[in-house]
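Asker: this one's structure only:
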């Protein structure tokens, strides 16, 4: 039973995901919730987690793995999620998986054939960008994560392409006024990061025998340099 936690931006989420390694098709999503938070991750996360456990009559004793978004995103939000995830596995020998939130977006849209541009807003008019090549349900990240403006991003997009994630309204308006052949923007709901997909990516890492060290797992902070040293394929 995976618990997935995402507090990397103003959109937060939790999921309970039952993974069946010997019979993958029987894996199932038990519960999932996402909500918009005005920077109140610290006060909102634990009450919502407790409510989810109560509703399904679960406790941490039922959790056998934890997946947490490592960003990129909000400095404070990422640290809240990581702190809670590490605290929950304290004194328990269960695996912890740090998953970039933009990888979860790629997983959600992996059956698109082309290039995925996954975004999360970074404040001051900037975006965190991850670029993925996708085909037949598989994805591979191209290069590292980058910090840029949407106007800097637009010239490099080539069709077929799907843009997903948190997008500034100016980007949506530009595409509404000047549609581009072979380039699509997801709707707000389709572009929301879902914690269930964090769990799916973590489950694949579990099958490969991987896990992260809680002592060294850290958020992804972007300044002006790409981050390229993170496992980048599903």
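Answerer: Happy to help now that I have it. Please read all numbers here as calculations on a predicted model, not as lab measurements.

Asker: Nearest residue to the most centrally placed residue in the chain in space, please, no chain neighbours.
Answerer: Residue closest to the average C-alpha location in the chain (C-alpha atoms, centre = their mean): residue 101, at 2.2 Å. Spatial nearest neighbour of residue 101, chain neighbours left out: residue 69 (4.2 Å); criterion: C-beta to C-beta, 6 or more residues apart in numbering. In short, each C-beta sits where N, CA and C put it, glycine included.

Asker: for residue 130, same thing?
Answerer: Once flanking residues are discounted, residue 130 sits nearest to residue 102: 3.5 Å by C-beta to C-beta, 6+ apart.

Asker: and that neighbour, helix, strand or coil?
Answerer: helix (DSSP: H, G, I helix; E, B strand; the rest coil).

Asker: so what's the residue nearest to residue 172 when sequence neighbours are not counted bridging to?
Answerer: The shortest distance from residue 172 to any non-neighbouring residue, by C-beta to C-beta, 6+ apart, is to residue 185 (6.4 Å). Residue 185 has these beta-bridge partners by DSSP bridges: residue 163.

Asker: Give me the residues contacting stretch 18-28.
Answerer: Outside stretch 18-28, the residues that touch it by C-beta atoms under 8 Å, 6 or more residues apart in numbering are 1-2, 17, 29-30, 65, 199, 203, 206-207.

Asker: Kindly recompute the last result at 10 Å.
Answerer: 1-2, 16-17, 29-30, 62, 64-65, 199-200, 202-204, 206-207 (C-beta atoms under 10 Å, 6 or more residues apart in numbering).

Asker: now residue 91: how far from residue 81?
Answerer: As defined by C-beta to C-beta, to the nearest Å, residue 91 lies at a distance of 20 Å from residue 81.

Asker: And for residue 75?
Answerer: Residue 75 sits at a distance of 12 Å from residue 81 (criterion: C-beta to C-beta).

Asker: just checking, what packs against the helix ranked longest in the chain?
Answerer: Longest helix in the chain by number of residues (criterion: DSSP state H): helix 41-56. Applying 3 or more C-beta pairs under 10 Å, 6 or more residues apart in numbering; DSSP states H and E, one finds that helix 41-56 contacts strand 2-6, strand 11-18, strand 28-36, helix 75-88.

Asker: Let's see that with 7 Å instead.
Answerer: Judged by 3 or more C-beta pairs under 7 Å, 6 or more residues apart in numbering; DSSP states H and E, helix 41-56 is in contact with strand 11-18, strand 28-36, helix 75-88.

Asker: if I read this right, the residue nearest to the centre of the chain contacts residue 67, doesn't it?
Answerer: No: Residue 101 is not in contact with residue 67 according to C-beta atoms under 7 Å; the separation is 10.8 Å.

Asker: so where's the protein uncertain?
Answerer: Low-confidence segments of the chain (pLDDT under 70): 223-234.

Asker: domain parsing for it?
Answerer: Listed domain ranges for the chain are 2-100+193-207, 102-185 (source: automatic domain parsing).

Asker: Dump those to TSV, plus distance to residue 214 and mean neighbour count.
Answerer: Putting the domains of the chain into TSV (distance: least, C-beta to C-beta, whole Å; neighbours: other C-beta atoms under 10 Å) gives the following:
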stretch	distance to residue 214	mean neighbour count
domain 2-100+193-207	5	19
domain 102-185	20	18
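
Asker: Adding distance to residue 215, write the ones you listed out as CSV.
Answerer: Listed next are the domains of the chain as CSV, based on distance: least, C-beta to C-beta, whole Å:
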stretch, distance to residue 215
domain 2-100+193-207, 9
domain 102-185, 22
